[in-house]
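Colleague: Requesting a structural model of the entry that follows:
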Amino acid sequence: MSNVPDVEESVKKLREALRDLTDPDELSQIDNQETLVRFLKSRNWDVEASEKMLRKSLAWRTDFQPELVECNVCHERPGTHTLRQIGFDEAGRPIIHASFYPANPPQRSMVHGTMEHLVYVMENAVRSMIPPVSQWVFILDCAGMTASCCNPRLAYDCAQIMSNNYPERLGLAIALKPGSVFKMVWQAIKPFLAPTTTAKVCIVNNKDQLEAVCDKYFSADTTKWLMNEYKLNRKKPVRSRYREFWTPPPTTTTKADHDPRGDKAYVKDWIRPDHPTGHLAHPNMLEYIAGTINTIVPSVELNSNSEILEDDDSKEFDDSEVEKLMASIPKEYEIPEDAEKLP
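Modeller: As a prediction, this is how the structure comes out:
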């Protein structure tokens, strides 16, 4: 007996189970076969479980209104969130990139703002997808990741949002040169993730491995952008790593200079306030274009806190050190013991 699901039949059954829905916004979601297939796939083609999951997600969309979310933290504190789309991989999947050297270091307690920003970026990544593309690529550069900015509970909450409301959207996740703090968070959250999710996580430990991954997934221009960003996040002195990533290179510089906003194609075609797809780039990029961005704290003040500047690349820790770091996390930032495993 074949274990291969009958996709069309499963979609038909799921639509029939949802026939009572009448809200136009909900109907627009279930009219999209790609959406139904993603939810079915995430529940191993169990129609009843998929229906339950989709109804909860529709209720979340009605309550949270993710399509309208704006990141208030980005407006108030430009440069706090580095998470942004920077281009597309060779398969046309949006590339979402983040690092730990923002222009305006965040506080670990800024949970709601982080969730808002994540949803903003994911919703706009979806708008940039050209069918049949339905997934994205996440890249996390771990340079500068320190214990004071880490929040395993927040990592779990973000994973929960993605798992419950954006199932099967993750195509690949790349962690660049992770140190002890990343390992601590990964050790805390990994038991709650599905094996299909953890299998999509690629750990890159050095520049040579990064080049190999880039050759496999990215164009020459995107590879150049990623390699330049990788180098800049490890530049000395450390204070030079805090950059206003929403601004283009000065017009007086050469064409070879790095544009922190993204690769050439993304900057040229997607960073605009009126894109026909409705896609919106990072809020600070749009505010810069409009001339409405707030002034940030001078970089000298930003870099006065040596703990924030601690470079996690400089030392590798064994498992006992990772356990000590986990023990140092305040209780409110730990993943609850009764937290559910994510699909």
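Colleague: quick one: low-confidence parts of the stretch 1-150 of the chain?
Modeller: Scanning the stretch 1-150 of the chain with the threshold set as pLDDT under 70 gives 1-3, 105-110.
Colleague: Where do the strands of it begin and end?
Modeller: Along the stretch 1-150 of the chain, the segments classed as strands by DSSP state E, counting those that start in this stretch run 84-88, 94-98, 136-141.
Colleague: quick one: the first one to strand 136-141, angle?
Modeller: I take that to be strand 84-88. Put simply, strand 84-88 runs at 120 degrees to strand 136-141, going by axes from the mean of the first three to the mean of the last three CA atoms, to 10 degrees.
Colleague: Tell me the strands beside strand 84-88, with direction?
Modeller: Take DSSP bridges as the rule and strand 84-88 pairs in its sheet with strand 94-98 (antiparallel).
Colleague: Give me the contact list for the strand it pairs with.
Modeller: Strand 94-98 has contacts (CB atoms under 8 Å, 6 or more residues apart in numbering) with 82-89, 121-122, 125, 128-129, 136-141, 218, 222, 226, 229. Just so you know, the C-beta spots here come from the backbone N, C-alpha and C atoms, and that holds for glycine as well.
Colleague: what residues are up against Leu172?
Modeller: By CB under 8 Å, 6+ apart, the contact list for Leu172 reads Asp89, Arg93, Gln135, Val137, Phe138, Lys200, Cys202, Tyr217.
Colleague: what's the next secondary structure element after the one helix or strand it maps to?
Modeller: Assigned by DSSP states H and E, Leu172 belongs to strand 170-176. Remark: after strand 170-176, the chain's next helix or strand is helix 180-189, criterion DSSP H and E.
Colleague: buried residues in whichever helix or strand comes after that next one?
Modeller: Per DSSP H and E, the first helix or strand lying C-terminal to helix 180-189 is helix 195-198. Within helix 195-198, the residues that count as buried by 16 or more other CB atoms under 10 Å are Thr197.
Colleague: Same check on stretch 150-169?
Modeller: Those would be 150-159, 161-169, for stretch 150-169 by 16+ other CB under 10 Å.
Colleague: just the angle between the strand holding Leu172 and helix 180-189, please?
Modeller: Relative orientation of strand 170-176 and helix 180-189, computed by the same axes, to 10 degrees: 140 degrees.
Colleague: what pairs with strand 170-176, and is each one parallel or antiparallel?
Modeller: Applying DSSP bridges to the sheet, strand 170-176 is found paired with strand 136-141 (parallel), strand 201-204 (parallel).
Colleague: List the buried residues of it.
Modeller: Residues Leu170, Gly171, Leu172, Ala173, Ile174, Ala175, Leu176 are the ones in strand 170-176 that count as buried (16+ other CB under 10 Å).
Colleague: Could you do stretch 268-276 as well?
Modeller: Trp270, Ile271.
Colleague: again, but for stretch 134-153
Modeller: 135-147, 149-153.
Colleague: about what we covered before: switch the strands of the stretch 1-150 of the chain over to JSON lines; also include distance to Glu51.
Modeller: Output for these, formatted as JSON lines (distance: least, CB to CB, whole Å):
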{"stretch": "strand 84-88", "distance to Glu51": "31"}
{"stretch": "strand 94-98", "distance to Glu51": "28"}
{"stretch": "strand 136-141", "distance to Glu51": "25"}
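Colleague: Just tell me which of those strands ends up closest to Asp20.
Modeller: Closest of the strands of the stretch 1-150 of the chain to Asp20 is strand 136-141, at 31.8 Å (criterion: CB to CB).
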